[in-house]
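When you get a sec, could you give me coordinates for this:
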Amino acid sequence: MDKTSEVSLQDVATALNELVSGVVGPILVERQGMSLTSASTLRRLEREGPSRLTALAAAEGIAQPSMTAMVQRLESQGLALRLGHPEDGRVRLVAITDAGRALLAERRRVQSVRMAGLLTELPEHELRALGEAVRTALPIVRRMVRAARHPSLTAGGAAS
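Okay, here's the model as predicted:
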């Protein structure tokens, strides 16, 4: 890769990071009495299904005792529950409940309404440009995220 491509990659990476963590995140985050890690854990359970507590802790980048405490809070709120493993009765899995799914759906609805409100402030030409950029970028970013979550699925470009 030549120096120009390297700079472009870094520029794109920096811009994407700023977009997510510095601009979109603070505007859209609606904690609703829940930490970002708790919300992230519920989203992971919704997306990936029941998981071992140790795997959740590793995936969220927190210590197992912290994850244990968080799962206990989620359980007491009715947002998660522990299940027996279908193949190993000694193993307990954490799963999202219907109430947890409903809470995530409501959080997404609130975020969407908030973003729509922000978009109404844009001039028409900027709204069109942003819409085109998002329609172009979103499928690419989704593929990047899928590849990061499941590297074996995208090895050799098999899944696009």
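
Contacts only, for M34.
Going by CB atoms under 8 Å, 6 or more residues apart in numbering, M34 touches L103. In this view, the C-beta of every residue, glycine as well, is placed from N, C-alpha and C.

Give me the phi and psi angles of it.
phi -130, psi 140 (degrees, to the nearest 10).

Just give me the neighbour total for L93.
Under the neighbour criterion other CB atoms under 10 Å, L93 is assigned a count of 19.

Return the residues in contact with it.
The contact partners of L93, by CB under 8 Å, 6+ apart, come to P50, S51, R52, R82, L83, G84, H85.

before we move on, what about A95?
A95 sits next to L45, G49, P50, A80, L81, R82, L83 when contact means CB under 8 Å, 6+ apart.

Now L56: closest residue in space that isn't a chain neighbour?
Excluding the flanking residues, the one nearest L56 by CB to CB, 6 or more residues apart in numbering is M67, at 5.5 Å.

Toward the C-terminus, what is the element adjacent to the lowest-mean-pLDDT helix or strand in the chain?
In the chain, no helix or strand scores lower on mean pLDDT, DSSP states H and E than helix 25-28, which sits at a mean of 64. For helix 25-28, the following helix or strand on the C-terminal side (DSSP states H and E) is helix 36-48.

just checking, what packs against that next one?
On a contact count with 3 or more CB pairs under 8 Å, 6 or more residues apart in numbering; DSSP states H and E, helix 36-48 meets helix 53-60, helix 64-76, strand 80-84, strand 92-96, helix 98-119.

And those: which comes nearest L16?
helix 98-119 (17.4 Å; CB to CB).

Could you pull up the residues touching T37?
Shown in contact with T37 (CB under 8 Å, 6+ apart): E60, I62, M70.

Neighbour-wise, which one of those leads?
Busiest of the contacts of T37 [other CB under 10 Å] is M70, holding 22 neighbours.

Can you pull the poorly scored residue ranges out of the chain?
Low-confidence segments of the chain, defined by pLDDT under 70: 1-7, 22-32, 152-160.

follow-up on the earlier one: same list, the contacts of L93, but as CSV with distance to Q10 please.
Formatted as CSV, the contacts of L93 follow (distance: CB to CB, whole Å):
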residue, distance to Q10
P50, 38
S51, 34
R52, 36
R82, 43
L83, 44
G84, 47
H85, 43
